[in-house]
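J.: Let me see the structure of the following:
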Amino acid sequence: MPETVLLQAEEKMNKVLHHLEEELSTIRTGRANPTVLSKVMVEYYGAPTPLNQVANVTVPEARMLLVSPYDRSIVGAIDKAIQDANLGFNPTNDGSVIRIAIPALTEERRKEMVKKVKAMAETAKVGVRNARRDANDALKKLDITEDEVKSYQDDVQKLTDVYVKKADDIAKAKETDVMTV
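T.: Below is the predicted model:
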């Protein structure tokens, strides 16, 4: 039974790290990356729809994104959605595709991005610690001796340390990516 609690804690911590990686993928670096548009929602037949379900996003050049809608009648809606997302892009609509030139990041903007990365990493670490707390509470409720509870809590702490380090490593890699000119 205590092993189940440990497995559940590890599963929660994995989900936290996966969420962190998803969030970090939306942070813009100096190069074009289609994932920066992953949170853009397009009004399609009256329903908000993710951009990747109504268009193909490609990277023809290092600093250019090309958005090719499956249905040409929504080019204007996609253009508006990208502008409304406030990503710092100025899309160019030629009637059939949308081109997005990715501007180079200034040093100041890079530092802002790094602060954002650090904040996201800290949120992830809080999530990992919450999973630790939940696991420790669950262990205390089990019908086992205090020594066994202490032993399993030590295992949970080791697991927590591993996942906090992983969150730091993921954030450090993204910071390096953002600061690279």
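
J.: any residues touching stretch 20-37, and which ones?
T.: Stretch 20-37 is contacted by residues 38-39, 51-52, 57-59, 61-65, 67, 82, 85, 87-88, 100, 102, 104-105, 113, 116-117, 120-121, 123-124, 167, 170-171, 174, 177-178, 180-181 when judged by C-beta atoms under 8 Å, 6 or more residues apart in numbering. C-beta coordinates here come from the backbone N, C-alpha and C atoms, glycine included.

J.: In strands only, show me those residues.
T.: Residues from the contacts of stretch 20-37 lying in strands, with DSSP state E as the criterion: Val57, Thr58, Val59, Glu61, Met64, Leu65, Val67, Ile100.

J.: follow-up on the earlier one: could you tell me which of the contacts of stretch 20-37 are located in helices?
T.: Assignment to helices by DSSP state H places the following of these there: 51-52, 82, 113, 116-117, 120-121, 123-124, 167, 170-171, 174, 177-178.

J.: Now for the residues you listed: which two are most distant?
T.: Ile82 and Ala167 (30.3 Å; C-beta to C-beta).

J.: about what we covered before: A PyMOL selection for the ones in helices among the contacts of stretch 20-37, restricted to the buried ones, would help me check which they are.
T.: To isolate the buried subset of the ones in helices among the contacts of stretch 20-37 in PyMOL, counting by 16 or more other C-beta atoms under 10 Å, use the following:
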select buried, resi 51+82+113+117+120+121+124+167+170+171+174+177+178
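
J.: Look at stretch 133-147 and report the distance between its end residues.
T.: As for stretch 133-147, its first-to-last residue distance stands at 18 Å under the measure C-alpha to C-alpha, to the nearest Å.

J.: So for it, mean pLDDT?
T.: The average pLDDT for stretch 133-147 rounds to 93.

J.: related to what we said a few turns ago, buried members of the ones in strands among the contacts of stretch 20-37 into PyMOL, please.
T.: The following PyMOL command selects only the buried members of the ones in strands among the contacts of stretch 20-37, with burial defined by 16+ other C-beta under 10 Å:
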select buried, resi 57+65+67+100
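
J.: What values do phi and psi take at the residue in the chain sticking out farthest from the centre?
T.: In the chain, the greatest distance from the average C-alpha position (C-alpha atoms, centre = their mean) is reached by Thr145, at 40.5 Å. The phi and psi values for Thr145, taken as degrees, to the nearest 10, are phi -70, psi 160.

J.: so where's this protein shaky on pLDDT?
T.: Using pLDDT under 70 as the threshold, the predicted model of the chain has low-confidence ranges 181.
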